[in-house]
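**Student:** What follows is a predicted protein model with its sequence.
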Amino acid sequence: MNRYRITKHPILEIPEKNIVAFTWNGEKLTGCDGEMISSALFANGIHIFGHHHKDNSPQGMFCANGQCSQCLVIADGLAVKSCMTPLRDGTVVQSVEGLPKLPEDDSIPQINEVPVKDVEVLIIGGGPAGLTAAIELGKLGVTTLIVDDKDRLGGKLVLQTHKFFGSVEDSYAGIRGFEIAKILEEEVCKLDSVEVWLNTVAVAVFSDKIIGVVRNNQYRKIKSQKLLVATGAREKMLSFPGNTLPGVYGAGAFQTLVNRDLVKSSNRVLVVGGGNVGLIAGYHAIQAGIEVVALVEALPQVGGYKVHADKLKRLGVPIFTRHTVTDANGSDQVESVTIARLDKHWKVMPGTHKTFEVDTLLVAVGLAEVNEFYLKAKQWGMDVFCAGDSQEIAEASAAMFTGKIKGFQIAQTLGIDVGPMPKEWDEKATILKSKAGREDRKKPPLKEDGVFPVFHCYQEVPCNPCTSVCPIGAIRTENDEITGLPYMVDLESCTGCASCIAVCPGLCVSLVDYREDPEHPLVTLPYEIWREHVNIGQKVPVTDIDGAVLGYYPVEKVSTRKKYPGTLLVKVKVDKAVAKSVVGIWVQERQVEPSTIYEKEIPPDDAVVCRCERITAGEIKAAIQQGVRDMNQLKALTRAGMGACGSKICRPMIWRIFKEEGIPLTTVTDSVDRPLFVEVPIGVLAGVK
Amino acid sequence: MTADVIIAGAGSVGVPTAMALGEIGVKTLVIDMNSSPGQGENKHAIGGVRATHSDPGKILTCRRSLEIFSTWQDQQGDNIEWLKGGYAFPVYRKSDEKMLKVLLPIQKNHGLNIDFVRPEKMKEIIPGINTKGLRGGTFAPDDGSISPLLSVNAFYRKALNYGVQFRFKEKINKILCKNGKVCGVETDQSRYKAPVVIDAAGPFSPHLGKSVQVDLPVIPESHEGAITEPVQPFFQCMVVDIRPAPGSKNYYFYQNKHGQVVFCITPDPPILGTDKRETSRFLPQVCARMVNLLPRLKNLRVRRTWRGLYPMTPDGSPLVGWNRDVQGLLHATGMCGQGLMLAPGIAEVIARMITGKTIASDEIILSEFSPYRKFKKEEALK
Ligand SMILES: Cc1cc2nc3c(=O)[nH]c(=O)nc-3n(C[C@H](O)[C@H](O)[C@H](O)COP(=O)(O)OP(=O)(O)OC[C@H]3O[C@@H](n4cnc5c(N)ncnc54)[C@H](O)[C@@H]3O)c2cc1C
Ligand code: FES
């Protein structure tokens, strides 16, 4: 087995896989059959996939999502995205050093006419939004084709090992993301009129209303009456010196490596960005046995759900608000990351730098809609719809619901008699999309006898599965709203079944039981990390909601509920004084101390903005200062945006630079988007057999 | 605002013309509806520049353009990605061989460095070329390619240095005339005065001409182009395959300084009009032809595609000259698919026309490009 595989995981099963042999720059290695080449390389500890032809900078993994082309390798002679190309027995893999050489394959190919496929509805993207839309349409017998570039359905759900928010009836609350993916997939498979093309990349929308897709190296044209774009989101990037070193990547990329491919990509990470994505990625890291030294957030408060932040704090991850990453350091890959405090004006405060020795920096500074297909199709006057993150960035629970709505609306526009859409659907979608609301730190009940749950759930978020699972229906939310804070209607009625603890996605319910020993009540805590750390009799550090250790207390019992096997219910015997405060079990006992010695002062202008073409912030600023106000001209002059990713990564950063330079964005002309959105070989387009 | 000359259009023609006028101290104002130079058709050009033509005026003009392009970096410092890769016309049909060979003496007469080479030589120039039926072809080693984007911006900077003024995001609605004489232009934002207006509006010239009742034989035609990922350079020349195929005439491609292959095709019948929206037809059509000529291209990935316009004239040659009815209106348009390569040469001719100091060779060019010529013969090498 490779060294850098995840061989145990508190939530995920480790499947058996066929081991195959491959070579990397001539060296014999092994990997799993069919896994992406990038993951096979990571499993062997290889993080540098080549060096850029312009400045010889090391190249590696970045998006793990087929979007960025940073992970190019040569596989059997051809330059390919390693994150999208499966490993086979005997694959010869080489690093890309400078420009790749085009293979001298001079055989004259046979050419086929490119086939055209007609469907009523084409759905691009088989994530939660695309799947729920397909289910809605399939139930009505509409011929629907889902294309997805991955080898399985589910989109980002596949990467999510945590339990979902929302409600039980509308969005599978309490169930883990990857499990929801399976449920939706099963439903889709049952529908005769829905066809699924996996490993199929949509590459362009043309003005003759044709969508070009590449399926297993074959180019196909698709003509559809209606198009639904459910392509999800891509991660935004920050510009700071060292931002393109292998080891700096998006939190989503990290989740792909760790949760989907079960590769131990890192030993120690620092997370930048306190939204849900960053918070969850930190949690996933710890579940994968990867240390999280800190989470850094520029705002005075983390932007993600409080319960996610609290989870992380309880595991022992320090959260630095009002801080930013100033640089990632290392010669060929990340060796350390420096952070610093920000002042009121968002400027780095001198003398506040801290450097952490880590091998990975996870960037989770927001998502951007993958909406280029939608915008183009709209421009071409097609009947196009958009759902999920590609419509508006929100949680997967919202995506499932908007997908369903769009599916219904598409059916309506097809003239199918479905009646009017249920009134409450739009309302529900809005609620599921809502950001975290008001915070209210409620006092626990005064009662000190019997058994009852304590809800450490202090922030309004759209989530209420606890109300659905309580067998006696005694849990309600304020005003019975899904965003209301939960409470127990009648504390006396609690049977101590612990269902509410098992289901809670926020892991923020505890059960206090005074019945046996009122001075030393038993408290049941949810716990999703290492089982061997909570042996019966062992004293474990228990924490309050903010992660402060309240003491070491013995474990009395460990159990699980059948429906929620990943959540251990750990019963600890504590002192009465802390009983209602304890929520979690501390995991990362050792804190990594940063060094505060900071010598080099790299100008931030060194940061690479266009990673494909290696264009720095300084070069872009210079052009702007010389008067460039047209992104097309900027592109012409600097090549920023001309790279393989088609400016997907750099464009938002370039806009930010315009803003930082004080240029009103209304005076700036955006660059023109053109097909293709993904590179396609000439032979494939030609219809080579 | 008043100027000596107003140029309508900051494209392939307008910008070098502004530079040439600025250099000799003519107070010049350039107006363009786009946001920056070259955003009309210039940026759609794939970048080929050649003197290998069949008509003397074009040969003369392009030879001067080539001189300007090829020496630009040495003389002006900025890199416009000039690549002296030559132009190759590989030949598979007897009739094509005959046609090209007939042209050779005329071309050589005008000082062109060009020869018909044997298949072995063609193989050297284009490694991997399909040799089945290959009869050789012409090769002109002094032709080459440049970056349209970088060159128009280089000319723009130079023009700015000479004091030329540019107005972007401003659309000229009409040319203003008094007593049959040009007196300026009216835009969607303002009016500008000048005794001379140069029409360098490319495919939009007919539209502009209408405002002074001038009917120009410029018909825009859609052409699509594309660019690939970069790979190690393995050929340098522009390869032009002049054989027709169902749905298309010739197509051509080259590998630029970055290692990217850039290509486009001439659809048959032509797609008339100003529709610049990319269609699903182009890529399979051109790619199928390319992999047959140079099979190893099959593994090269296409990065982006676009559609632009050729401002076509009935005989494939541009329209350059004073309007006979509207005094002060100078046409510099109808560049067809060759505006990039013709423009710097034409710009200098225009500068001499404005100052009344044309030279002998200008007269050859101006009679060939006269807007009032009889459009009879079609050029052999369009
Ligand atoms: C796919 C393709 C490949 C090509 N390849 C080559 C090649 O390899 N070599 C080559 O030499 N040529 C090539 N060309 C041709 C070349 O691009 C054109 O011939 C050339 O750009 C025409 O120059 P122009 O200045 O006349 O027009 P343009 O460059 O289009 O400039 C005209 C300008 O006028 C502006 N304008 C028009 N009307 C108005 C108005 N009313 N008010 C204000 N502004 C206005 C426009 O916005 C535009 O900026 C190619 C063209 C295409 C489409
Ligand atoms: S980052 Fe890919 S084009 Fe700029």
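**Tutor:** In hand now; what should we look at? Ligands and ions are numbered 1, 2, ... in the order given.

**Student:** What count of nearby residues applies to the nearest residue to residue B:351 once chain neighbours are set aside?
**Tutor:** Nearest residue to residue B:351 in three dimensions, chain neighbours excluded: residue B:20, at 3.9 Å (Cβ to Cβ, 6 or more residues apart in numbering or on different chains). Backbone N, C-alpha and C define where each C-beta goes, glycine included. A total of 25 residues lie near residue B:20 under the criterion other Cβ atoms under 10 Å in any protein chain shown.

**Student:** any idea of the pLDDT on residue A:2?
**Tutor:** We have a pLDDT of 83 for residue A:2.

**Student:** domains for chain B, by residue range?
**Tutor:** B:5-47+B:149-218+B:315-368, B:84-143+B:219-312 (automatic domain parsing).

**Student:** Out of those domains, flag the one nearest ligand 1.
**Tutor:** Relative to ligand 1, the nearest member of these by Cβ to the nearest ligand atom is domain B:5-47+B:149-218+B:315-368, separated by 1.8 Å.

**Student:** Give me the mean pLDDT for the closest one.
**Tutor:** Domain B:5-47+B:149-218+B:315-368 comes out at a mean pLDDT of 97.

**Student:** which residue packs closest to the residue nearest the centre of chain A, ignoring adjacent ones?
**Tutor:** Nearest to the geometric centre of chain A sits residue A:252, at 3.5 Å (Cα atoms, centre = their mean). Nearest non-adjacent residue to residue A:252, counting by Cβ to Cβ, 6+ apart: residue A:235, 5.4 Å away.

**Student:** ok, that neighbour to ligand 1 distance?
**Tutor:** Remark: distance between residue A:235 and ligand 1 (Cβ to the nearest ligand atom, to the nearest Å) = 34 Å.

**Student:** Now do the contacts for that residue.
**Tutor:** A:63, A:250, A:251, A:252, A:253, A:277, A:363, A:364, A:365, A:366, A:367, A:368 (Cβ atoms under 8 Å, 6 or more residues apart in numbering or on different chains).

**Student:** so where do the strands sit in the stretch 1-150 of chain B?
**Tutor:** B:5-8, B:28-31, B:48-49, B:87-90, B:115-117, B:137-140, B:144-145 (DSSP state E, counting those that start in this stretch).

**Student:** residue contacts, residue A:282?
**Tutor:** Residue A:282 neighbours (Cβ under 8 Å, 6+ apart): A:269, A:271, A:292, A:295, A:312, A:317, A:362.

**Student:** In helices only, show me those.
**Tutor:** Counting by DSSP state H, the part of the contacts of residue A:282 found in helices is residue A:312.

**Student:** Could you report the neighbour count for residue A:331?
**Tutor:** So residue A:331, with other Cβ under 10 Å, has 7 neighbours.

**Student:** backbone phi and psi for it, please?
**Tutor:** Note on residue A:331: its backbone torsions stand at phi -80, psi -50 [degrees, to the nearest 10].

**Student:** I'd like to know how far it sits from residue A:181.
**Tutor:** 40 Å (Cβ to Cβ, to the nearest Å).

**Student:** before we move on, the earlier item: nearest to ligand 2, of the contacts of residue A:282?
**Tutor:** Nearest member of the contacts of residue A:282 to ligand 2, counting by Cβ to the nearest ligand atom, is residue A:362, at 18.9 Å.

**Student:** Surely the closest one touches residue A:270?
**Tutor:** Yes. If you go by Cβ atoms under 8 Å, residue A:362 and residue A:270 touch, sitting 7.2 Å apart.

**Student:** picking that back up, any idea which of the strands of the stretch 1-150 of chain B gets closest to residue B:226?
**Tutor:** Residue B:226 lies closest to strand B:48-49 among the strands of the stretch 1-150 of chain B, at 14.3 Å (Cβ to Cβ).

**Student:** How about the helix or strand encompassing residue B:351, which residues are buried there?
**Tutor:** Residue B:351 belongs to helix B:339-355 when assigned by DSSP states H and E. Neighbour-count burial for helix B:339-355, counted by 16 or more other Cβ atoms under 10 Å in any protein chain shown, picks out B:339-351, B:353-354.

**Student:** Specify the angle between the helix or strand just after it and helix B:339-355 in degrees.
**Tutor:** Using DSSP H and E, the helix or strand that follows helix B:339-355 in sequence is helix B:360-368. Going by axes from the mean of the first three to the mean of the last three Cα atoms, to 10 degrees, helix B:360-368 is angled at 110 degrees with respect to helix B:339-355.

**Student:** what packs against helix B:360-368?
**Tutor:** On a contact count with 3 or more Cβ pairs under 8 Å, 6 or more residues apart in numbering or on different chains; DSSP states H and E, helix B:360-368 meets helix B:56-76, strand B:319-322, helix B:339-355.

**Student:** Pipe the ones you listed into JSON lines and attach distance to residue B:36 per row.
**Tutor:** Listed next are the helices and strands packed on helix B:360-368 as JSON lines, based on distance: least, Cβ to Cβ, whole Å:
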{"stretch": "helix B:56-76", "distance to residue B:36": "19"}
{"stretch": "strand B:319-322", "distance to residue B:36": "25"}
{"stretch": "helix B:339-355", "distance to residue B:36": "17"}
